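S.K.: the following block contains a protein sequence and its predicted model.
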Amino acid sequence: MTATPSTATAWVTRSGSQLQLAGKPWRFAGVNMYWLGLDENVTDAAGPTYPTHAAVDNGFSAARSLGAGLVRSISLGVSVGSPRSLEPTLGHFNDAAFASIDYAVADARRYGVRLMIPLTDEWHYYHGGKHTFTNWLGYPDAPGQNCVTDAGQRQREAEFYTDPRIVAAFHAYVAHLLNHVNPYTGLRLGSDPTIAIWETGNEVWDAPTAWTEQTAAYIKSLAPHALVADGSAATGKAISETAYAAPHVDLIDAHFYPTSVATMTSDARFTAAHGKAYMVGEFPLTTQTDSSWTTALATDRDVAGGLAWSLFPWLSATQPEQHDDGYTFHYPGANATERSAVTRLQAYAKQVAGTN
């Protein structure tokens, strides 16, 4: 299944608290596939590997079969600090890393799926994040610690938002990424409507509003037609504490572990009242036992969409790629739990499509 020419080249836009595509209301169901740029689950002697074209094709084919309109992928935008990263060391770029990024973006376009791409990360995952920049520029990591486990680490990483050297280094990274021309499409990544949403970061829960606005404005300078999501929301953080009022922010992205219909509903109303769009960028699918959560997502017109965590490919006809966080699923399902989850996600996608 592929996009029609009119929607493939059209930008997703925002009118107040609602999203539109080709002049019509646009709401979505979707999935997270964080591994599209660099995959920690398939390794060799050098560490995480670039996903194969077959794995990427399998992922996007599955996403479309699930009815996904949007795929969120952290490693397409966060790729720093390791040998196969886009920026392995400060100021030195490894443009070989663009090969997997470019292919994934082109594949999403081919399957008619929009992308959401975060640009940094709160956590100390394999693809790097804000701590990579602070570590590079004079604020060394405390071994084995992160912002939650160690107050000193939290203080050091706070410099990511204010130290002019770090801000400049991060902007240089963002510019290198968004100004890159994809050889498959001939488009700058910042000029490709396939990438509907750039997100300031993944769960950067301590981000000051001033930094979020500065970052959103910078993204808009490089991708003026794309939407920008505030990535400072995280489980347990109230939407009222995020940068909903930042002028260049279009969407508020909330994450739910566990899910809460009451909180989601309240957050969506609050965000809409402030003239911005609201979405659920992560929710666990395999731990849901009924469809009450996805039904609530589908029927609430103040929720632009929800993205399940997380879809993985089949590496062969009998070998589903494994991940150890407890939320992994495959299409059409590697076991009874996954098959039930897939059925609920497909039903959600059909409900959302019926509201557009």
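M.R.: Sure thing, it's come through.

S.K.: hey, where'd the strands end up in the stretch 51-200 of the chain?
M.R.: In the stretch 51-200 of the chain, the strands defined using DSSP state E, counting those that start in this stretch lie at 70-72, 114-118, 181-182, 187-188, 195-199.

S.K.: wait, which of those strands is closest to Pro48?
M.R.: strand 114-118 (17.3 Å; Cβ to Cβ). Every C-beta, even on glycine, is put in place using the N, C-alpha and C of the backbone.

S.K.: what sits against Tyr327?
M.R.: Pro284, Leu285, Thr286, Thr287, Trp309, Ser310 (Cβ atoms under 8 Å, 6 or more residues apart in numbering).

S.K.: just to revisit the earlier point, distance to Ala142 added to the strands of the stretch 51-200 of the chain, as a markdown table?
M.R.: Shown next, in a markdown table, are the strands of the stretch 51-200 of the chain (distance: least, Cβ to Cβ, whole Å):
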| stretch | distance to Ala142 |
| --- | --- |
| strand 70-72 | 29 |
| strand 114-118 | 24 |
| strand 181-182 | 38 |
| strand 187-188 | 38 |
| strand 195-199 | 27 |
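
S.K.: of the ones you listed, which is nearest Gly16?
M.R.: Taking the strands of the stretch 51-200 of the chain one by one with Cβ to Cβ, strand 195-199 is closest: 16.7 Å.

S.K.: what packs against the next helix or strand after that closest one?
M.R.: Per DSSP states H and E, the first helix or strand lying C-terminal to strand 195-199 is helix 209-222. In terms of contacts (3 or more Cβ pairs under 8 Å, 6 or more residues apart in numbering; DSSP states H and E), helix 209-222 is packed against helix 159-162, helix 164-178, strand 227-230.

S.K.: starting at the chain centroid, how far to helix 209-222?
M.R.: Centroid separation for helix 209-222 versus its chain: 17 Å, with Cα atoms, centre = their mean, to the nearest Å.

S.K.: same thing with stretch 291-302?
M.R.: The answer for stretch 291-302 is 20 Å, by Cα atoms, centre = their mean.

S.K.: in the protein, which spans are helices?
M.R.: Per DSSP state H, the chain has helices spanning 5-8, 53-65, 98-111, 130-136, 151-157, 159-162, 164-178, 209-222, 261-273, 292-299, 336-355. These are given in chain order.

S.K.: buried residues, the second one. List them.
M.R.: Read that as helix 53-65. Ala55, Val56, Asp57, Asn58, Gly59, Phe60, Ser61, Ala62, Ala63, Arg64 (16 or more other Cβ atoms under 10 Å).

S.K.: and if you look at the last one?
M.R.: Within helix 336-355, the residues scored as buried using 16+ other Cβ under 10 Å are Glu338, Ser340, Ala341, Val342, Arg344, Leu345, Gln346, Ala347, Tyr348, Ala349, Gln351, Val352.

S.K.: try the fifth one
M.R.: When burial is assessed from 16+ other Cβ under 10 Å, helix 151-157 yields the following buried residues: Gln153, Arg156, Glu157.

S.K.: hmm, the first one is touching Ala142, no?
M.R.: This means Gln153. Yes - at 4.7 Å, Gln153 counts as touching Ala142 under the criterion of Cβ atoms under 8 Å.

S.K.: now for the two: what residues contact both?
M.R.: Counting by Cβ under 8 Å, 6+ apart, nothing touches both Gln153 and Ala142.

S.K.: now do the contacts for Thr295.
M.R.: Tyr348, Gln351.

S.K.: picking that back up, can you add mean neighbour count and distance to Asp39 and give the helices and strands packed on helix 209-222 back as CSV?
M.R.: What follows is the helices and strands packed on helix 209-222, written out as CSV (neighbours: other Cβ atoms under 10 Å; distance: least, Cβ to Cβ, whole Å):
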stretch, mean neighbour count, distance to Asp39
helix 159-162, 18, 26
helix 164-178, 18, 18
strand 227-230, 27, 24
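
S.K.: and these as a markdown table, adding distance to Gly81 and mean pLDDT?
M.R.: Converted to a markdown table, these look like this (distance: least, Cβ to Cβ, whole Å; pLDDT from 0 to 100):
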| stretch | distance to Gly81 | mean pLDDT |
| --- | --- | --- |
| helix 159-162 | 13 | 98 |
| helix 164-178 | 11 | 98 |
| strand 227-230 | 23 | 98 |
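
S.K.: quick one: closest of the ones you listed to Ser100.
M.R.: helix 164-178 (13.1 Å).

S.K.: worst average pLDDT in the helices of the chain?
M.R.: Here the lowest mean pLDDT among the helices of the chain goes to helix 5-8, at a mean of 53.

S.K.: tell me how many other residues crowd Val181.
M.R.: By other Cβ atoms under 10 Å, 14 other residues sit near Val181.

S.K.: do I have it right that Ala97 meets Ser82?
M.R.: No - assessed by Cβ under 8 Å, Ala97 is found out of contact with Ser82, at 9.9 Å.

S.K.: any shared contact partners between those two?
M.R.: Leu38.

S.K.: from the contacts of Tyr327, which land in strands?
M.R.: Among those, DSSP state E puts Pro284, Trp309 in strands.

S.K.: got a winner among the contacts of Tyr327 for most neighbours?
M.R.: Busiest of the contacts of Tyr327 [other Cβ under 10 Å] is Leu285, holding 27 neighbours.

S.K.: would you pull up how far stretch 240-250 lies from the middle of the chain?
M.R.: 17 Å.

S.K.: residues making contact with that stretch?
M.R.: By Cβ under 8 Å, 6+ apart, the surrounding residues in contact with stretch 240-250 are 14, 197, 207, 209, 212-213, 216-217, 219-220, 227-230, 232-233, 252, 270-271, 274, 276-277.
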